[in-house]
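A.B. asks: with the input below, show me the fold.
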Amino acid sequence: MSDRTEWDRLREEILEHPEARASYEATRVRFELGRAVRARREELGMSQTQLARVAGLRQPAVARFEAGGTMPTLPLLERLAVALGMRLHVGFEPLDKAG
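C.D. replies: I've put the predicted structure just below:
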(Lines give C-alpha, C1' and ligand atoms only; values in the text may rest on other atoms or scores of the structure.)
Protein backbone atom coordinates (compact mmCIF):
# COMPACT_ATOMS: atom_id res chain seq x y z
CA MET A 1 0.00 0.00 0.00
CA SER A 2 1.40 3.39 -0.95
CA ASP A 3 1.81 6.26 1.51
CA ARG A 4 -0.88 8.18 -0.40
CA THR A 5 -3.38 5.31 -0.10
CA GLU A 6 -2.62 4.97 3.60
CA TRP A 7 -3.14 8.71 4.11
CA ASP A 8 -6.44 8.69 2.18
CA ARG A 9 -7.73 5.81 4.30
CA LEU A 10 -6.70 7.53 7.54
CA ARG A 11 -8.31 10.80 6.41
CA GLU A 12 -11.61 9.04 5.66
CA GLU A 13 -11.58 7.32 9.07
CA ILE A 14 -11.00 10.64 10.83
CA LEU A 15 -13.72 12.40 8.83
CA GLU A 16 -16.28 9.82 9.93
CA HIS A 17 -16.39 11.73 13.24
CA PRO A 18 -18.90 14.62 13.10
CA GLU A 19 -16.59 17.05 14.94
CA ALA A 20 -13.74 16.36 12.55
CA ARG A 21 -16.03 16.70 9.52
CA ALA A 22 -17.31 20.09 10.74
CA SER A 23 -13.78 21.34 11.33
CA TYR A 24 -12.67 20.11 7.91
CA GLU A 25 -15.58 21.88 6.21
CA ALA A 26 -14.88 25.16 8.00
CA THR A 27 -11.25 24.95 6.93
CA ARG A 28 -12.21 24.09 3.35
CA VAL A 29 -14.50 27.13 3.11
CA ARG A 30 -11.80 29.48 4.47
CA PHE A 31 -9.23 28.04 2.08
CA GLU A 32 -11.49 28.32 -0.98
CA LEU A 33 -12.50 31.91 -0.18
CA GLY A 34 -8.88 32.91 0.36
CA ARG A 35 -7.81 31.23 -2.87
CA ALA A 36 -10.54 33.02 -4.83
CA VAL A 37 -9.60 36.44 -3.44
CA ARG A 38 -5.91 35.87 -4.13
CA ALA A 39 -6.59 34.73 -7.69
CA ARG A 40 -8.71 37.80 -8.44
CA ARG A 41 -6.22 40.15 -6.76
CA GLU A 42 -3.38 38.71 -8.84
CA GLU A 43 -5.52 38.83 -11.98
CA LEU A 44 -5.94 42.57 -11.35
CA GLY A 45 -2.22 43.00 -10.68
CA MET A 46 -2.85 44.23 -7.15
CA SER A 47 -0.59 43.72 -4.18
CA GLN A 48 -2.00 42.71 -0.80
CA THR A 49 -1.23 46.23 0.41
CA GLN A 50 -3.22 47.78 -2.43
CA LEU A 51 -6.18 45.48 -1.82
CA ALA A 52 -6.04 46.22 1.89
CA ARG A 53 -6.07 49.97 1.27
CA VAL A 54 -9.06 49.82 -1.10
CA ALA A 55 -10.99 47.45 1.20
CA GLY A 56 -10.21 49.45 4.35
CA LEU A 57 -8.07 46.71 5.87
CA ARG A 58 -4.44 46.22 6.81
CA GLN A 59 -2.09 44.08 4.72
CA PRO A 60 -1.60 41.39 7.41
CA ALA A 61 -5.39 40.89 7.51
CA VAL A 62 -5.43 40.29 3.74
CA ALA A 63 -2.49 37.86 4.04
CA ARG A 64 -4.25 35.89 6.81
CA PHE A 65 -7.47 35.82 4.81
CA GLU A 66 -5.78 34.60 1.63
CA ALA A 67 -4.01 31.86 3.60
CA GLY A 68 -7.35 30.61 4.95
CA GLY A 69 -6.50 31.71 8.45
CA THR A 70 -9.74 33.53 9.24
CA MET A 71 -13.46 32.92 8.74
CA PRO A 72 -14.76 36.16 7.24
CA THR A 73 -18.07 37.83 7.94
CA LEU A 74 -20.45 38.68 5.11
CA PRO A 75 -19.71 42.42 5.45
CA LEU A 76 -15.99 41.70 5.06
CA LEU A 77 -16.64 39.57 1.99
CA GLU A 78 -18.74 42.39 0.53
CA ARG A 79 -15.90 44.89 1.11
CA LEU A 80 -13.40 42.58 -0.57
CA ALA A 81 -15.76 41.95 -3.48
CA VAL A 82 -16.21 45.67 -4.11
CA ALA A 83 -12.45 46.27 -3.80
CA LEU A 84 -11.90 43.53 -6.39
CA GLY A 85 -14.55 44.89 -8.76
CA MET A 86 -16.90 42.00 -8.14
CA ARG A 87 -20.32 41.26 -6.70
CA LEU A 88 -20.63 38.84 -3.79
CA HIS A 89 -22.88 35.88 -4.48
CA VAL A 90 -23.84 33.59 -1.59
CA GLY A 91 -25.84 30.44 -2.22
CA PHE A 92 -26.57 26.89 -1.27
CA GLU A 93 -26.10 23.71 -3.25
CA PRO A 94 -27.12 20.12 -2.53
CA LEU A 95 -24.42 18.12 -0.75
CA ASP A 96 -24.46 15.45 -3.47
CA LYS A 97 -23.47 18.13 -6.01
CA ALA A 98 -20.83 19.83 -3.83
CA GLY A 99 -17.16 19.30 -4.67
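A.B. asks: name the element residue 23 belongs to?
C.D. replies: The secondary structure element spanning residue 23 is helix 18-43 (assigned by DSSP states H and E).
A.B. asks: what residues of that helix count as buried?
C.D. replies: Taking 16 or more other CB atoms under 10 Å as the basis for neighbour counts, the residues of helix 18-43 that come out buried are 30, 33-34, 37-38, 40-41. (Each C-beta comes from the backbone N, C-alpha and C, glycine too.)
A.B. asks: kindly report the same for stretch 54-65.
C.D. replies: Taking 16+ other CB under 10 Å as the criterion, stretch 54-65 shows 55, 57, 61-62, 65 as buried.
A.B. asks: reformat these as a markdown table; add pLDDT.
C.D. replies: What follows is the buried residues of stretch 54-65, written out as a markdown table (pLDDT from 0 to 100):
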| residue | pLDDT |
| --- | --- |
| 55 | 98 |
| 57 | 97 |
| 61 | 96 |
| 62 | 97 |
| 65 | 96 |
